[in-house]
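Participant: fold the stuff below for me.
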Amino acid sequence: MLVDVIAESVLDTLELVPFLFVTYLAMEALEHSTGGRMQGLVARAGHAGPVVGSLLGAIPQCGFSAMAATLFSGGVVTVGTLVAVVLSTSDEMVPVFLAHQEPVGRLLSIMLLKVVVGIVVGLLLDAFLHAVRHVGTPQPHIHDLCERAHCHCEEDESAEQSAPVEQGAGDATHGHHHHGHGHWAIVRSAAVHTVQVTGFILLVTFLFGLLIEVMGEDSLAQLLGSHPVRATFLAALVGLIPNCGASVAITELYLDGVLGAGPMIASLLASGGVGLLVLFRTNSNVRQNVAITAFVYAVGVVVGLLVSASGMLF
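Facilitator: Below is the predicted model:
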């Protein structure tokens, strides 16, 4: 069992590496480019972030939620966009449904509900925060991630950057973190971030995977199937486990008739792959991370209870 959990944890984590690396690579390129114009572009597109994020999250890969968490930590997307991605992320639900040869319409209806919930909740959350706390479109601060990760990207500055610079001297006096502008500096910094986050994900994924194996699917079925309301709260809690095995177990229990539609939806809404795990690793504001996690959980529970009360079937 231990060998199987290790193997599955390694495979699940390795699948995320390309997504993480591409995300960090893009963010480093953004940081090294003309920041003012890029910030303006992000600000103009910020209101549509939850719509785009929810649609992308529906693609059955854990990596998009990791991307969203990283971009949020870098100040590139809003909290509404992050929440939209997490809520709509399909994770391993799609391959499980296809493996069971379930009707495609049944699968698409669940995915559509998750996307709609992600869009609506994400837009409302951004609007609420803007109205109450005057939280507007975030400003990219990717260099903060480097400073927290201690990647020492500035060591790769070329000789041209190490020479005295008259026009850019003001930047240094204001304490900005500088990376080298060469391609190697961008790739090296992205690789450092990727390795650090990958190691963290691997450790936690292994621990949670071991917990699922020890408990067993039968125990989960006994906990979740006896009372629909309790099952909704517990299923959403299981969905928060940052491991693809959680969504696999919930989907299997639903297809086996152990779980109703409400608890299943609650869990799949809360199941954002490793997105929330990456959020805790990359965002230094722990209270903010906890609040986002609690909010995602609450949305999953509320929607799950509404689905159960309405008698909706998939």
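
Participant: how far away is Asp126 from Glu213?
Facilitator: 39 Å (Cβ to Cβ, to the nearest Å). Yep, even glycine has a C-beta here, placed from its N, CA and C like the rest.

Participant: which one's more surrounded, those two?
Facilitator: Asp126 (23 against 15; other Cβ atoms under 10 Å).

Participant: pretty sure that one is in contact with His47, am I right?
Facilitator: Yes. Between Asp126 and His47 there is a contact under Cβ atoms under 8 Å: 7.4 Å.

Participant: average model confidence for the helix ranked longest in the chain?
Facilitator: Longest helix of the chain, by residue count under DSSP state H: helix 183-225. Helix 183-225 shows a mean pLDDT of 75.

Participant: again with stretch 232-247
Facilitator: On average, stretch 232-247 scores 84.

Participant: endpoints of that stretch, how far apart?
Facilitator: Using Cα to Cα, to the nearest Å, the end-to-end distance of stretch 232-247 comes to 14 Å.

Participant: so how many other residues sit close to Val248?
Facilitator: 18.

Participant: list the contacts of it.
Facilitator: If you count contacts by Cβ atoms under 8 Å, 6 or more residues apart in numbering, Val248 has them with 92, 96.

Participant: following the chain past the helix or strand that it is a member of, name the next helix or strand.
Facilitator: In this assignment (DSSP states H and E), Val248 forms part of helix 244-255. Scanning forward in sequence from helix 244-255 by DSSP H and E, the next helix or strand is helix 261-270.

Participant: ok, back up a step: the longest helix of the chain vs helix 261-270, what angle?
Facilitator: 160 degrees (axes from the mean of the first three to the mean of the last three Cα atoms, to 10 degrees).

Participant: buried residues, the helix or strand just after helix 183-225. List them.
Facilitator: Next along the chain after helix 183-225, taking DSSP H and E as the criterion, comes helix 228-239. Residues of helix 228-239 classed as buried by neighbour count (16 or more other Cβ atoms under 10 Å): 228, 231-239.

Participant: do the same with stretch 118-132
Facilitator: Going by 16+ other Cβ under 10 Å, stretch 118-132 has these buried residues: 118-119, 121-123, 125-126.

Participant: now render the residues you listed as CSV, adding distance to Asn289, secondary structure and pLDDT.
Facilitator: Compiled in CSV, these are given as follows (distance: Cβ to Cβ, whole Å; DSSP: H, G, I helix; E, B strand; the rest coil; pLDDT from 0 to 100):
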residue, distance to Asn289, secondary structure, pLDDT
Gly118, 19, helix, 95
Ile119, 23, helix, 95
Val121, 18, helix, 97
Gly122, 17, helix, 95
Leu123, 22, helix, 95
Leu125, 15, helix, 95
Asp126, 18, helix, 92
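
Participant: now the two most distant members of these.
Facilitator: Gly118 and Asp126 (12.3 Å; Cβ to Cβ).

Participant: any stretches of the stretch 1-150 of the chain with poor pLDDT?
Facilitator: Filtered on pLDDT under 70, the stretch 1-150 of the chain yields the residue ranges 27, 30-46, 60-63, 91, 134-150.
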